[in-house]
Each structure stands twice: as C-alpha cells, then as structure tokens.
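K.L.:
Okay, sequence plus prediction incoming.
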Amino acid sequence: MAVDASRPLAVATDRVVVNQDTLDGASVGGLYAELVRNTTAIQKSLQALSLDDGILVLEPIVSKLLARMIYCSNRIDDVGGDWDATMHLCQPIFRSKKSTLDVYREELEYEALVDSCRQPRSTIVTPADIRREHEIIQHAKAAKYMLTEVYLHGHELSEEILLNTHRIMTYNIDSADGAPPTEYGGVYRSSSAPSQTSEQSALTTDLAGIEKDELLKAVSVASNYCHVFCNIRPFSEGNGRMGRLLLNAILLKTVGAVACLGNDTQSRESLKAVGDSVCGSPKREQVSPGKITATPHLHGPEALRSMVLKSVVESTRHLAKALRAETGIRYSNAA
C-alpha cells in the first residue's frame, strides 16, 4: 500500500469541544488536546523531510500500525492468528506496490510465505491452521483495497467498494455453515440491501460536511456509521471486521489516522459490553454492562465514540513518537 506523505493531516480546532468523560473517565477535551498535539507533531516531522524520505520513513511504521489494526479486529471476532503470524503475513501485503485491483491474482505469491509460518513442521498442519492464515491474509488485502480506494485515490465509499472489500475478505474461506465464498462473499442479505444503500448516500453527505479541522466531528461520524453498519448487518458473515474497516476508512480520510480497537483484553471486554454498536461477533458471549463501572451513562454509539477517540489518540501518539525517532536518527546521520 503506497503511503502518501504529501497529504497533510487534519490539524486545527473543532468549533465545539464537548465537556464530558469517555468510557474510562478520561476527559474528551484532554484527549482532543493530545490528538491535536500528536497530529501537529506528525505534520512537522513530515515537513522536515523530503517527499521521498517521508515515504521511506512512513512505510514501515504505517504497515506495522495497519497490521496491528488487522490483529486487533481479528481478535474481537475470534478469527486469524497471533500477533507474530499476523505481522509476518501482513507486512508484505501492506508494503507491496501492486495494484489492489489485482488482489485475486496474488494468491500463489503467498504460498511460500504461508509455508514459512508453519515451520518447523513438528506438528501436523490442520485445516483450521490454514483457515486462520487465510483469515489474516484476506483481511489485510481487503483493508488495503478499501483504504487505497478511499484514502489514496479519494473515491467515495460506494457500494462497489464495500462489496469488493467483502468479496476480497472472504475469498477462499467457507462460511461457518459451509457455504463457499462465491455464495456469500460480496453478497448482501436480501433484507439489508435497501437500508445499506440509503446509508451510503447519507454517508457521502455527512463526509462532505466535515471541515478539515473538525477532528471530533470526524471521529463521531466514523463511529456512528460503524454503529449503523453493525445494526444493519448487511452480510451473512464478517460484519464486524467490515464495520471496523468502514470506521477506519472514514478516519483515515478525515483525520489521517486509524483506530486499533480491541488492542487488549480490557478494551475487548468493553467492546463486547457495548455489543452490536461495535460489530461484535454474534457468536460471542456478551459481557454484562455492569462490568464497566466508569461512566456508566455511556452506552451504544456514545461508548463506541469514546473508545474510537481514545484509540485514535493512541495511534497518533505512537506515530508521532516513531517519526520523531526516525527524523532524529536521520538528522544525526546527516551531521
């Protein structure tokens, strides 16, 4: 996935900063202030580099962040593998310069890569092992496709992009009830199609209404559409991961950052407590809302917005720190 170092992140002041707490009691105003600091620091670091150097520095950092996004999302839905396997399989996908439109033709190129994940062959490789590897690979390819189309190419989040993303994500993976991917991949449930089409039109309007400096509004819009997508559940499977890809496509387009929801056990429990609003797997046992004691007044989309904001701040903090380290090293070497 190509990295566009020439596109500035959205940095400025929202017209209104709501004085309220997030799910874990942190101040929205405090998180917002840090988000502005982080995005400002990122922009300054990139401005200190040439375009080519900026791309060279960003690529490994961003590809690792996107691999973390895939890993966390998979953990929420109990699919995929561990962090080492996810990182190993995702890095070549996100750092590849190949067009995402050729994604179906790449399968054979990962045969050796997948085999290397199974070494040493001290145990028998089971169909479940192979499925987990496919879940990682196809999720990463789907993310690369959607983020490239929406962020780098500047396309609207159309029905075609959503269907192609789901088709890529489910490629070569049978459904839980044994249906082949050709029967459910990129296919709406008949009852959900009208609602999904309506929401896509509304999303286009809402995105157009976000000014480049309205970071909190962007987080709110992204979270709301993730929530709506989950309530519609347009596909027979994979709605959780699709909802979070939609969330991050909007965030990357409007804020210049992604949210790695489900980064640890506590956040995954919080996500399960929120339930449908964060696209939790319907097969998972829901955690009682009573287990979350901080700011119990936050529920559903409000709780999701809280978690998304916190995660975006964490992602930008990590990116700003990594860029400072890289630019510092480069300045030292130049001297």
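P.N.:
Thanks, I have it.
K.L.:
residue boundaries of the helices in this structure?
P.N.:
Taking DSSP state H to define them, one finds helices in the chain at 28-47, 51-76, 83-95, 111-117, 127-147, 159-169, 181-184, 193-208, 215-232, 239-254, 265-274, 300-334.
K.L.:
okay, the ones you listed, which one's buried deepest?
P.N.:
Of the helices of the chain, the one with the most neighbours on average (mean count of other Cβ atoms under 10 Å) is helix 239-254, at a mean of 26. Backbone N, C-alpha and C define where each C-beta goes, glycine included.
K.L.:
quick revisit: Ser175: which of the helices of the chain is closest?
P.N.:
helix 181-184 (5.2 Å; Cβ to Cβ).
K.L.:
which residues sit against the closest one?
P.N.:
167, 170-175, 235-237 (Cβ atoms under 8 Å, 6 or more residues apart in numbering).
K.L.:
now the chain, which segments are flagged as low pLDDT?
P.N.:
1-26, 99-126, 191-201, 203-205, 208-209, 211-213, 272-300, 329-335 (pLDDT under 70).
K.L.:
Can I get the helices of the chain in a markdown table including distance to His153?
P.N.:
As requested, the helices of the chain are arranged in a markdown table below (distance: least, Cβ to Cβ, whole Å):
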| stretch | distance to His153 |
| --- | --- |
| helix 28-47 | 20 |
| helix 51-76 | 17 |
| helix 83-95 | 16 |
| helix 111-117 | 27 |
| helix 127-147 | 10 |
| helix 159-169 | 10 |
| helix 181-184 | 25 |
| helix 193-208 | 15 |
| helix 215-232 | 19 |
| helix 239-254 | 11 |
| helix 265-274 | 30 |
| helix 300-334 | 22 |
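K.L.:
in terms of contact, does Thr39 touch Ala257 like I think?
P.N.:
Yes: in this structure Thr39 lies within contact range of Ala257 using Cβ atoms under 8 Å: 7.4 Å.
K.L.:
on that earlier part again, for the contacts of helix 181-184, pick the one with the most neighbours.
P.N.:
Thr170 (30 neighbours; other Cβ atoms under 10 Å).
K.L.:
So it versus Ala222, what's the distance?
P.N.:
Taking Cβ to Cβ, to the nearest Å as the measure, Thr170 falls 23 Å from Ala222.
K.L.:
and Pro60, what does it touch?
P.N.:
Arg95.
K.L.:
oh, I was asking about Arg37
P.N.:
Neighbours of Arg37 in contact, by Cβ under 8 Å, 6+ apart: Ala320.
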